[in-house]
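> Build me a structure from this.
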Amino acid sequence: MFARDLIGPLRKWRDNPRHKPLVLRGARQVGKTTLVRTFGEEFDVFIPLNLETDDALLFRRFTNVHDLWQYLCLKHHIVQQDSNRTILLFIDEIQEEPQAVAMLRYFFESLPQVHVIAAGSRLQSLMKQHVSFPVGRVEYMTLRPCSFVEFVNAKEGPEWADMLRNISVPAFMHDDMMAAFNTYALIGGMPEAVSEYVANRDLQRLSPIFSALLNSYNEDAEKFAHNAGEVKILRHILQTAWLSAAETITFAKFGNSTFTSTQIHDGMDLLERAYLLSLVYPVTTTTAPALPATRRAPKLVMVDSGLTNFRAGIQLEYLRNKNLLDTWRGRAAEHIVAQELCIVHDRHYRDRQYFWIRDKKGSTAEVDFIWQEGTDIIPIEIKAGTNAHLRSLHAFANSAERHVVAIRVWNGPFSIQDIATPSPESKPFRLINLPFYYVGQIDRVIAAYATC
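Modelled structure (predicted):
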C-alpha cells in the first residue's frame, strides 16, 4: 500500500487532547480500511472490529460502554491503569449495527483516552433505520480516490510529489509531469487500480478491477434503497450516469428513462451521500458568498475518472490524444479537474463545489468552476489558447465589481499575467496559468500568487 495524504490530518486528530470519535467517510473501495489499519500501526494498541462479522454481537451483548471496554481490555490484554499507552479502536462497517453508532457518544463522554475511528462503505444506509451520528460528539473526515500527488508519489517517488506540493516543478520537468498527469487522468485514483498499475505498468490489467468495482456499486443499490422501486432507479443511475459525467444534466427522463425528475433527483441525492457522484450547481454572482442556484441544471461528477473512462469506453481515445483537452470533447479534462478539486475542498472543510454562469437575458457565459477565497470568488476555466479566447473569464471579470484573479487550467507552463479584457470594457485582471498537475495545489497557488 502506498502513502495517503490523509494520514497527516489523522495524526493531528490523534494529537488533539480534545479529540472526538472520528467518522471516516468515502465511497466503497477508496481505501478507508487500509488507511486506518496503517494508521493503527502508530499506536501501542490497535483493536479492529468489523461489524459485518460476529463482532457486531458485542454491541448487542453490551449496552454499557464501560462493560464493553472492560471486555475488550481483557480480550486484548490491556491494563487499564496504564495511561501512557495509546489505543486506537477501529469500528469498521459500523452501519451494520446502529447500537454501535449510538455508543460513540459514550466513548466521547466516558472514555476520552481511547481514540475511536468508525468507518463504513454504506453509512448512508443508516438513514433507512432513522439512525444518525451523535451531534457534536463526533468528527468527520472524507477519503477520496487517490489524488495526483498520491499517484505520482507511488509511481515516481517522494521527490516528484514534493515538487508538486512546493509548486516548484522546473521547466525541464514540465513535459514529464504532464505525461504523468495524463496517465493519472486515464486510470483514475481507485487504490487497487493505482497499485496494480504502479506494480506492472500494464493498462490492460486494470479492466477486471474496474469491472469488479462497478459491479460492486450496482450490487449495493439494494442496500442504499428504501424499497424495490428505488432499487430500479438507483441501478438505472449507476448504469447510465457515467456516460453523462462532466455534463450539465436534467433530472427528468435522465438516461433515456421514464423516471420523473423527482425520482432521479432523490436517487442521485442518495448516491451523493454514498460519495459515488456529486452534483455541481451554478452560481450567478461574482461576489461572496457563493450561493448555488439549485433550480438550475447541475453538472454531474462521478466518483472517479478511471471508472468513468472504462464505463464510457473512451480509454483508447486517451491513448490517441496527447492533449487532455482534446479527449472526450474536453469532458475528460473537466472531470479530472473536478475530481482533484473535491480533495482540495475537503482540506478546507467544504462539501460543495460550484461553477459560474452569467445571469443576463440574451447573453450566455459559463466558467467551469469557481473557488471562494475569503470575500473573493476566483473563476477557474479549463482551456488552451491565447488570452483572446478566454471569453467566459472576460465576461466574469467584466461583471465583477472588484479586481478579479482568474485561473486558466491548461497544458502549458505555470505563469502569471496581469492583463485586461478586450475593448471596449478593457478591465484589468490577473490571470494565473495553471498546468493540470497543479490543480490539486490550487489553494496554495492562490495563497501565494493571488495578491496583486
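
> Point out the other elements, helices or strands, that the helix or strand bottoming out on mean pLDDT in the chain touches.
Every helix and strand in the chain was compared by mean pLDDT, DSSP states H and E; the lowest is helix 221-224, with a mean of 85. Secondary-structure packing of helix 221-224 (3 or more Cβ pairs under 8 Å, 6 or more residues apart in numbering; DSSP states H and E): helix 228-240. Using the backbone N, CA and C atoms, a C-beta is placed for each residue, glycine as well.

> Quick check: buried residues in the helix it packs on?
Buried positions in helix 228-240, judged by neighbour count with 16 or more other Cβ atoms under 10 Å: 230-239.

> Now render these as JSON lines, adding pLDDT and distance to R347.
Converted to JSON lines, these look like this (pLDDT from 0 to 100; distance: Cβ to Cβ, whole Å):
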{"residue": "E230", "pLDDT": "94", "distance to R347": "34"}
{"residue": "V231", "pLDDT": "94", "distance to R347": "35"}
{"residue": "K232", "pLDDT": "96", "distance to R347": "37"}
{"residue": "I233", "pLDDT": "97", "distance to R347": "33"}
{"residue": "L234", "pLDDT": "96", "distance to R347": "30"}
{"residue": "R235", "pLDDT": "96", "distance to R347": "34"}
{"residue": "H236", "pLDDT": "97", "distance to R347": "34"}
{"residue": "I237", "pLDDT": "98", "distance to R347": "29"}
{"residue": "L238", "pLDDT": "97", "distance to R347": "28"}
{"residue": "Q239", "pLDDT": "96", "distance to R347": "33"}
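
> Kindly reformat those as TSV and extend each row with distance to C146.
Listed next are these as TSV, based on distance: Cβ to Cβ, whole Å:
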residue	distance to C146
E230	31
V231	30
K232	32
I233	30
L234	26
R235	27
H236	29
I237	24
L238	22
Q239	25
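
> re the thing from before, need the contact partners of the least confident helix or strand of the chain.
122, 124-125, 230-231, 234-235, 238, 270-271, 274 (Cβ atoms under 8 Å, 6 or more residues apart in numbering).

> Tell me the buried residues in it?
For helix 221-224, by 16+ other Cβ under 10 Å, it's 221, 224.

> Determine how far it lies from the middle of the whole chain.
21 Å (Cα atoms, centre = their mean, to the nearest Å).

> heads up, I number from 489, so please use that
From this message on, residue numbering opens at 489, which makes the last subject helix 709-712.

> residue contacts, the closest residue to I566 other than its chain neighbours?
Nearest residue to I566 in three dimensions, chain neighbours excluded: V533, at 5.9 Å (Cβ to Cβ, 6 or more residues apart in numbering). By Cβ under 8 Å, 6+ apart, the residues touching V533 are 564, 566, 573-576.

> Secondary structure element for L523, which one?
Using DSSP states H and E, L523 sits within helix 520-528.

> how far off helix 520-528 does the helix or strand that that helix is followed by point, in degrees?
Next in sequence after helix 520-528, counting helices and strands by DSSP H and E, comes strand 533-538. Counting by axes from the mean of the first three to the mean of the last three Cα atoms, to 10 degrees, strand 533-538 lies at 170 degrees to helix 520-528.

> Direction included, what does strand 533-538 pair against?
strand 575-580 (parallel) (DSSP bridges).

> Distance from the chain centre to the strand it pairs with, please.
Distance, centroid of strand 575-580 to centroid of chain: 24 Å (Cα atoms, centre = their mean).

> Would you map the strands across the stretch 789-938 of the chain?
Secondary structure of the stretch 789-938 of the chain (DSSP state E, counting those that start in this stretch): strands at 842-845, 854-855, 857-861, 864-870, 892-898, 903-908, 916-923.

> if you compare the ones you listed, which one is most tucked away?
Highest mean neighbour count of these: strand 892-898, a mean of 24 (counted as mean count of other Cβ atoms under 10 Å).

> Which strands or helices does it pack on?
Partner elements for strand 892-898 (3+ Cβ pairs under 8 Å, 6+ apart): strand 864-870, helix 879-887, strand 916-923, helix 930-937.

> Can you check which of the ones you listed gets nearest to R516?
helix 930-937 (27.4 Å; Cβ to Cβ).

> Buried residues in the closest one, which are they?
930, 932-934, 937.

> Tell me the one among those nearest to H753.
Distances from H753 to those, taken by Cβ to Cβ, are shortest for I930, at 29.6 Å.

> That closest one against W859, yeah?
Yes - assessed by Cβ atoms under 8 Å, I930 is found in contact with W859 at 6.6 Å.

> which residues do these two both contact?
Joint contacts of I930 and W859 (Cβ under 8 Å, 6+ apart) are 829, 868, 895.

> Contact partners for the second one?
Meaning I868. 825, 829, 855-859, 894-895, 897, 930.

> R506: neighbour count?
5 (other Cβ atoms under 10 Å).

> Check for me that it belongs to a strand.
No - going by DSSP: H, G, I helix; E, B strand; the rest coil, the assignment for R506 is coil, not a strand.
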